[in-house]
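Colleague: Below are the sequence and a predicted model for it; my questions follow.
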Amino acid sequence: MINNHKRKNNGTVQFNMNKCQFKNSILFHFSFIILCMSLVFQPLTAQPSGGPYGPIRQAFELPGTAGKVYYVSQDGKADNSGETISAPTTLEAAIERVKTNDAVILRGGVYRTGNLLLNQGITIQSYLDELPVIKGTAIADNWINLGNGLWKTHWDQLFPSKPDDWWRRDTEGKRTPLHRFNNDMVFADGVFLQSSGWQGEVDESSYYIDYETGTVFIGIDPAKHVIEITAHNSAIRRITGECHGKKSDHKGPVIMGITFTQFARCAIEVDGKEPEGISGESEHGKDVIGTTFEHCTISYCSRVAAYLRGDRLTIRHCKVSDTSTEGIYIIASSDVLLEKNIFTRNNIENITGYYPAAVKIFNQCYRVTCRDNFVTDLPNSNGIWYDVGNVDGVFINNWIEKVGKVDKEFPLNRLWPSDNGFFFEISKGVICAGNVFVDCDHGMMILNSSNARIYQNTFINSMACIGRNGRVAEGDHFGWHPSTGPAVEKREGHVFVNNLLTGNEDYSRPLLHVWQPAELCTRLSKPQLKECDHNVYVRDSKQLTVPLVLWSPAKNNECQYLFNSLEELNKSFSEFSANSRYFTDCNNRLFKNPALNNFQLLKEFPGASLGTQIPDEIIKLLGYKKKAARFAGAYPAE
């Protein structure tokens, strides 16, 4: 663990830099030339936009559809045709009737329904600026006062469950009780109550369910509060088979302006093939194509907000919050776009050993783009995780904040377990550029992957991590998963250029961690990175006892160097960091207004104009002009 160690490597460690200045006059003159050159070009601001993120209240126009339009309302009649706004039908009846290109228009209000099946490519949206809410709970109003601070009721629609068989009970059972894996939820005045293991644990903020008798116990007076209990497993499931007398048209629904909340398992599920081994791009993702969510809110689902399968998926201007194991779970899908969404508060039950993520992109997805999203407040979860067999991902201009905990002890000899703002694992090829990571356990982690190109990111109290180990399919806990990514010897080829890494006086971790275990040192003796340069490192002088960079492989017993300066790194690896710079005690001259999360660089910062020309592909993705100013981090100086 890192505390106050002083391990030396490559000779005596020296801390002879001038404060908030370059280390010598040669570097100063070189940087002054770069500064002058950059001034002839126009600055740019293309990184995280600052919003608006999430749903935007608006009046939705009626879709230009070739099919029928069905109007539904809370008090609609199932016998009504629903084809006029004055005679609305029910949501259930409309879903049964729709065909390809039809539209379902929801009036505002609360719809307590669920388990609706759909297999047609239709539009489901709100009427003008009204706010329809589809809820998976029912109101519980038949309680018995037990006279001991508890109340009980009988409940028929219960959803008992158990952990998946890969969950390690021997390891995690002490921290996560089994009742947390049941899918029921209870709310008091809309506030989520946590589950308990028996009646003696119940208080005003929790509940207990006796599944043998179907009895729910609460510790809050139901006469003074509205108590809701889950009654539906999901809201809408888009199946691939036949339903309502119709065959699937292979088209995904377009859903706009709807709120889904309080479902036992998930709000939305789109079925499709889920590979159980290596699968070519053409072999999956074709069952349902083109599913779209815009300006929707999905919250309080006991497991996942949405399980989504199928190519050309789009999620834009949505908010996904207060979920358990995952928020959005994308499986075996290609050409996906997530843009201007809010992802927050996943794993609200604090289940351990279940690898939670606000967004999980899983199992051989191709070309999934996450652009300009806001990911925040995830102390018990990963942020956005590309997991297993992904190819050519794009992760750009996202704001990632407060993922995991930065105050826990950090181990020197491993990267996992951890919570990562952006996690790219067992996959091939990703562009990570223009992102801002703030106060994360790990801002970014690239693990057992190849060809990650990492440019123009700002890391604030958030480690940048790149690692590999010897994990293979044979004997693996998850079987075939490692076979979908690069072989052990191919976990390399990464580029780390023009990034800004900073830590304040309270941040006692390295800024960059490049890792592999000691047992691989002979087998994998070459660096994982093919380029690491033109980066700027800034931290407080109070943290000089903590290594600036951890680096593997290394020619020592630990297979790890603890570099306290970039000169030490460059001395061991002359191909790396010759043009990178390290400053101390510059935090008050670094950003325009960090208290307001304004991380625009100040022109007074001596590293403001350091950087190098980046590839045309990255320039195009970030929206830069070809001859833009050169700088490190997500934002240029202002």
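Modeller: That came through, no problem. Numbering: from 1, shown residues only.
Colleague: Excluding residues flanking it in the chain, which one is nearest the spatially most central residue of the chain?
Modeller: Closest residue to the average C-alpha location of the chain: residue 384 at 2.2 Å, with CA atoms, centre = their mean. Once flanking residues are discounted, residue 384 sits nearest to residue 359: 4.4 Å by CB to CB, 6 or more residues apart in numbering. C-betas here are computed from N, CA, C, even on glycine.
Colleague: Tell me what the one you found is bridged to.
Modeller: Counting by DSSP bridges, residue 359 is bridged to residue 328, residue 384.
Colleague: Tell me where the stretch 451-600 of the chain has strands.
Modeller: For the stretch 451-600 of the chain, the strands defined by DSSP state E, counting those that start in this stretch cover 458-460, 463-467, 494-497, 500-503, 512-515, 529-533, 536-539, 549-551, 561-563, 581-584, 591-593, 598-601.
Colleague: Looking at those strands, spot the one closest to residue 633.
Modeller: strand 500-503 (3.0 Å; CB to CB).
Colleague: Output the closest one in PDB with nothing but the alpha carbons.
Modeller: Only the C-alpha atoms of strand 500-503 are listed here, as PDB (Å, rounded to 0.1, in the frame of the first residue of the first chain):
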ATOM      1  CA  LEU A 500      -3.000  16.600 -18.200                       C
ATOM      2  CA  LEU A 501      -2.700  14.800 -14.900                       C
ATOM      3  CA  THR A 502      -3.100  16.700 -11.700                       C
ATOM      4  CA  GLY A 503      -3.400  16.000  -8.000                       C
END
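Colleague: and it, which residues are buried?
Modeller: For strand 500-503, a neighbour-count test (16 or more other CB atoms under 10 Å) marks 500, 501, 502, 503 as buried.
Colleague: Same question for stretch 583-599.
Modeller: Of the residues in stretch 583-599, those with enough neighbours to count as buried (16+ other CB under 10 Å) are 583, 584, 585, 586, 587, 589, 590, 591, 599.
Colleague: How much space separates the nearest residue to residue 450 once chain neighbours are set aside from residue 452?
Modeller: Using CB to CB, 6+ apart and skipping residues adjacent in sequence, the residue nearest residue 450 is residue 486, 4.2 Å away. Look at residue 486 and residue 452: by CB to CB, to the nearest Å, they are 11 Å apart.
Colleague: For those two, work out which one has more neighbours and name it.
Modeller: The neighbour comparison of residue 486 against residue 452 (other CB atoms under 10 Å) goes to residue 452, with 25 against 19.
Colleague: before we move on, back to that, model confidence at the residue nearest to residue 450, what's the number?
Modeller: We have a pLDDT of 98 for residue 486.
Colleague: do the same with residue 47
Modeller: Here the pLDDT value assigned to residue 47 is 85.
Colleague: Next up, identify which helix or strand it is on.
Modeller: Under the criterion of DSSP states H and E, residue 47 resides outside all helices and strands.
Colleague: Would you confirm that it contacts residue 436?
Modeller: Yes: if you go by CB atoms under 8 Å, residue 47 and residue 436 touch, sitting 6.9 Å apart.
Colleague: Could you check how far residue 617 is from residue 392?
Modeller: Distance, residue 617 to residue 392, by CB to CB: 11 Å.
Colleague: quick one: which of those two has more around it?
Modeller: More crowded of residue 617 and residue 392, by other CB under 10 Å: residue 392, with 16 against 11.
Colleague: looking at this, the more buried one is in a strand?
Modeller: Yes: counting by DSSP: H, G, I helix; E, B strand; the rest coil, residue 392 falls inside a strand.
Colleague: So it is in contact with residue 369, correct?
Modeller: No: between residue 392 and residue 369 there is no contact under CB under 8 Å: 9.6 Å.
Colleague: On the pLDDT front, check the residue sitting furthest away from the middle of the chain for me.
Modeller: Largest separation from the mean C-alpha position in the chain: residue 147, at 45.0 Å (CA atoms, centre = their mean). Per-residue confidence (pLDDT) for residue 147: 98.
Colleague: Now it: which helix or strand?
Modeller: Using DSSP H and E, no helix or strand contains residue 147.
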